[in-house]
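**Student:** 3D model of this:
(chains A and B)
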2 protein chains.
Amino acid sequence: MLVAAPHQAPRKASRRRDRAGGEFGFLNKLLPTLTQGSGVIVGPGQDCALLRFGSQRLLVTVDALVEGIHFRSDWMSPYQLGRRSFLVNASDIAAMGGRPRWCVVSAGVPRGYPTRDLESIHAGIDAAAAECGAAIVGGNLAACPHLTLSVTLIAAAARRVVTRAGASPGDRIFVTGCVGDAALGVRNLKRGRRSGEVIERYREPAPRLAAGRALVESGVVSAMIDVSDGLIQDLGHICEASGVGAVVEAERLPLSGAYRRQSKSFDTALTGGEDYELLCAVPQRRMTLLPKLRRRLRCEMTLIGTVTKRKGLRVLGRDGIAIDLGAKGYDHFAKVGSR
Amino acid sequence: MLVAAPHQAPRKASRRRDRAGGEFGFLNKLLPTLTQGSGVIVGPGQDCALLRFGSQRLLVTVDALVEGIHFRSDWMSPYQLGRRSFLVNASDIAAMGGRPRWCVVSAGVPRGYPTRDLESIHAGIDAAAAECGAAIVGGNLAACPHLTLSVTLIAAAARRVVTRAGASPGDRIFVTGCVGDAALGVRNLKRGRRSGEVIERYREPAPRLAAGRALVESGVVSAMIDVSDGLIQDLGHICEASGVGAVVEAERLPLSGAYRRQSKSFDTALTGGEDYELLCAVPQRRMTLLPKLRRRLRCEMTLIGTVTKRKGLRVLGRDGIAIDLGAKGYDHFAKVGSR
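**Tutor:** Purely as a prediction, here's the structure:
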């Protein structure tokens, strides 16, 4: 019934695991050793850092896209790649209800990379940033054997603080939009297709900034994360940070028409990753506030499960029968080379 | 007499130059196209961005170290590499007189990289940050074929604003500490040596944070930059941003005893890079303020030249005879593969 306790690697992944021991294993070991900085309200290990700066509070997050690991150059145009490198960061800001303000771009570019393409990347970052209310304020350009884009995004924080921790037994679990499309898109790209609805969903994440702000500012959610590594893995992060477990009812998962046409399984929606939707816990007493928020969310929000006192994640399929998942989601190190 | 106008590539480098057209050529083309963000006092193209956030002002900078481009793994320990990745950023903050507060680390790590070494890198970043009054508040860990460390540093800004622009004809040019040691260190490392004074200078940059703050807060300097790409190239950045030229008297260059023992030429000190000293312009009427600052600087500061109305850089050697420099400094793209 239970697949794997959160952060306990499934067998298949652990065989692939390299000496660095997996991203999350490493981080769990590293975080307690770091120096505690002044003005740090929320430090490493969350979607963003929350920092007190004078009378203001800011959010900071960083994410990287590496050619051959996170994308292939023939999967999208340089402009789309630029947009994507910004938008995946904006999704982390959305998960803490912030307003993007400024970003800096660290680009590692192979020798001989066309200037025009590099300009397109920056035009993509610039356009996506502007659409989210932010701007590029600096950067670094270095030679690098593989195209690498690392974007650091600074945002104005909401007045309330919502992190991955805070979910309690009985809280209902919701997810915005649809899940699984982007991972199906990656699968199609690997099979040589270059267009289609799910491929577009992969190419252009839609960070849920309006929904994130509404959910945080209204005080409705007790915990939130963005779904980047796969719904189950990211739900595992919430559970671990909150010291709880969860049950997900797979039949409730919001799946697009394209997903239903291309897949008869829930697996990709549960573990595929790259969705950049918001996954949150809502205490039952606050459920009545949700209808009033609907207009501010600017997207659908679907009830998919419940937080439990019992630790570990259970996924119930049709007729309430547990689904055994081979992998929980995307660990950058567990899957190196296979993706 | 004149070597090359600032940002006009010397012939040797331009032959090596790839299609991306060199870091600085690309940036000059890119910057005017970017969206102007709100709250941006100083935007892209300077050592740091200066941002207005409520009643506060912050500085942001990012820099990356890529294995095989900026360092080789056998040149320093993972701990030293971690320290270095923070300290080169702190040097950018020093150039604008800021106080480092927080950093985020984007690490790209090859499959099979030892966990212990990754921990040492983070311990090095953490220690260097703590020594500079800052802390790691977040990060991203991704698989990457080449070890890559990209650190974004956020700092509290000084009350005054000093950038690369602002130098006027007649201003005197000063540099802190000694120049050329780090580049000699790299040369020695390439020749297989693994210890010695100049190698240590390369391994452990000493960002001039106290000097930067004192020089900015006192209002003594009209323009400042940190010397990362080579004294001549970075002086070129000041000249270009300020619309002026400069004359440097090579005999005045502050050279260490180790440098004098290992090199009879000024070339490495002029163009070698990696010094992380501060290079600044001081209007003559403010020269009298310098002796009072001496204790606050915590390092030597040496007069090496004068800002001129005539554009371009001239370097005068012994007896005032011009030195012809084959290259002006370090352009990440001009030298890819050769470094």
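**Student:** so how many other residues sit close to residue A:308?
**Tutor:** By other C-beta atoms under 10 Å in any protein chain shown, 17 other residues sit near residue A:308. In this view, the C-beta of every residue, glycine as well, is placed from N, C-alpha and C.
**Student:** show me the beta-bridge partners of it.
**Tutor:** Beta-bridge partners of residue A:308, counted by DSSP bridges, are residue A:245.
**Student:** surely it and residue A:245 touch.
**Tutor:** Yes. Residue A:308 is within contact range of residue A:245, at 4.4 Å (criterion: C-beta atoms under 8 Å).
**Student:** hey, what's in contact with both of these two?
**Tutor:** By C-beta atoms under 8 Å, 6 or more residues apart in numbering or on different chains, residue A:308 and residue A:245 have these common neighbours: residue A:314.
**Student:** in the stretch 151-300 of chain A, what residue comes closest to chain B?
**Tutor:** In the stretch 151-300 of chain A, the residue that lies nearest chain B is residue A:152 (3.9 Å; C-beta to the nearest C-beta).
**Student:** contacting residues around the most centrally placed residue in chain A?
**Tutor:** The geometric centre of chain A, computed from its C-alpha atoms, lies nearest to residue A:228 (C-alpha atoms, centre = their mean), at 2.6 Å. By C-beta under 8 Å, 6+ apart, residue A:228 lies in contact with A:88, A:91, A:92, A:234, A:273, A:274, A:275, A:276, A:330.
**Student:** now with 7 Å, please.
**Tutor:** A:88, A:91, A:234, A:273, A:274, A:276 (C-beta atoms under 7 Å, 6 or more residues apart in numbering or on different chains).
**Student:** ok, now residue A:282?
**Tutor:** Residues near residue A:282 by C-beta under 7 Å, 6+ apart: A:171, A:172, A:174, A:220, A:221, A:222, A:290.
**Student:** among those residues, which are in strands?
**Tutor:** Judged by DSSP state E, these include A:172, A:174 as members of strands.
**Student:** so the residue of the stretch 151-300 of chain A closest to chain B sits against residue B:104, correct?
**Tutor:** Yes. With contacts defined as C-beta atoms under 7 Å, residue A:152 counts as touching residue B:104 at a distance of 5.8 Å.
**Student:** which of these two has more residues huddled nearby?
**Tutor:** residue A:152 (30 against 26).
**Student:** doesn't the more buried one belong to a helix?
**Tutor:** No. Secondary structure of residue A:152 (DSSP: H, G, I helix; E, B strand; the rest coil): strand, not part of a helix.
**Student:** need the residues of the stretch 101-250 of chain A near chain B, please.
**Tutor:** A:101-102, A:104, A:106, A:108-109, A:111-115, A:118-119, A:122-123, A:126, A:129-130, A:134-146, A:148, A:150, A:152, A:154 (C-beta under 7 Å from any C-beta of the partner chain).
**Student:** rerun that using 6 Å as the cut-off
**Tutor:** A:102, A:104, A:106, A:108, A:111-115, A:118, A:122, A:126, A:130, A:135-138, A:140-146, A:150, A:152 (C-beta under 6 Å from any C-beta of the partner chain).
**Student:** buried among those? Need that as a selection in PyMOL.
**Tutor:** In PyMOL syntax, the buried subset of these is picked out as below (16 or more other C-beta atoms under 10 Å in any protein chain shown):
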select buried, chain A and resi 102+104+106+108+111+113+115+118+122+126+130+135+136+137+138+140+141+142+143+144+145+146+150+152
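**Student:** of the residues of the stretch 101-250 of chain A next to chain B, which belong to helices?
**Tutor:** The helices, defined by DSSP state H, take in A:115, A:118, A:122, A:126, A:130 from those.
**Student:** Throw those residues into CSV and include pLDDT, thanks.
**Tutor:** Output for these, formatted as CSV (pLDDT from 0 to 100):
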residue, pLDDT
A:115, 93
A:118, 95
A:122, 96
A:126, 97
A:130, 97
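**Student:** would you list these in JSON lines and tack on distance to residue B:43?
**Tutor:** Formatted as JSON lines, these follow (distance: C-beta to C-beta, whole Å):
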{"residue": "A:115", "distance to residue B:43": "21"}
{"residue": "A:118", "distance to residue B:43": "19"}
{"residue": "A:122", "distance to residue B:43": "14"}
{"residue": "A:126", "distance to residue B:43": "12"}
{"residue": "A:130", "distance to residue B:43": "14"}
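**Student:** now, the most widely separated pair of these?
**Tutor:** Using C-beta to C-beta, the two most remote members of these are A:115 and A:130, lying 22.1 Å apart.
**Student:** endpoints of stretch A:272-291, how far apart?
**Tutor:** Criterion C-alpha to C-alpha, to the nearest Å; first-to-last residue distance in stretch A:272-291 is 29 Å.
**Student:** roughly how far apart are the residue of chain A positioned farthest from its centre and residue A:147?
**Tutor:** Within chain A, residue A:112 marks the point farthest from the mean C-alpha position, 32.3 Å out by C-alpha atoms, centre = their mean. Residue A:112 is 11 Å from residue A:147, where distance means C-beta to C-beta, to the nearest Å.
**Student:** any idea how far residue A:42 is from chain B?
**Tutor:** Here the criterion is C-beta to the nearest C-beta, to the nearest Å. By it, residue A:42 lies 8 Å from chain B.
**Student:** what's around that residue, how many residues?
**Tutor:** Residue A:42: 22 neighbours (other C-beta under 10 Å).
**Student:** wait, doesn't it sit right on residue A:48?
**Tutor:** No. Residue A:42 lies out of contact with residue A:48 (C-beta atoms under 6 Å); the separation is 7.3 Å.
**Student:** counting neighbours, which bits of stretch A:201-220 end up buried?
**Tutor:** In stretch A:201-220, counting by 16+ other C-beta under 10 Å, buried: A:201-203, A:205-209, A:211-216, A:218, A:220.
**Student:** is residue A:224 in a bridge, and if so with what?
**Tutor:** Per DSSP bridges, the residues bridged to residue A:224 are residue A:280.
**Student:** pull up the distance across stretch A:274-294, start to finish.
**Tutor:** 24 Å.
**Student:** what average pLDDT does that stretch get?
**Tutor:** Averaged over stretch A:274-294, pLDDT sits at 96.
**Student:** in that stretch, which residues are buried?
**Tutor:** Within stretch A:274-294, the residues that count as buried by 16+ other C-beta under 10 Å are A:274, A:275, A:276, A:277, A:278, A:279, A:280, A:281, A:282, A:283, A:290.
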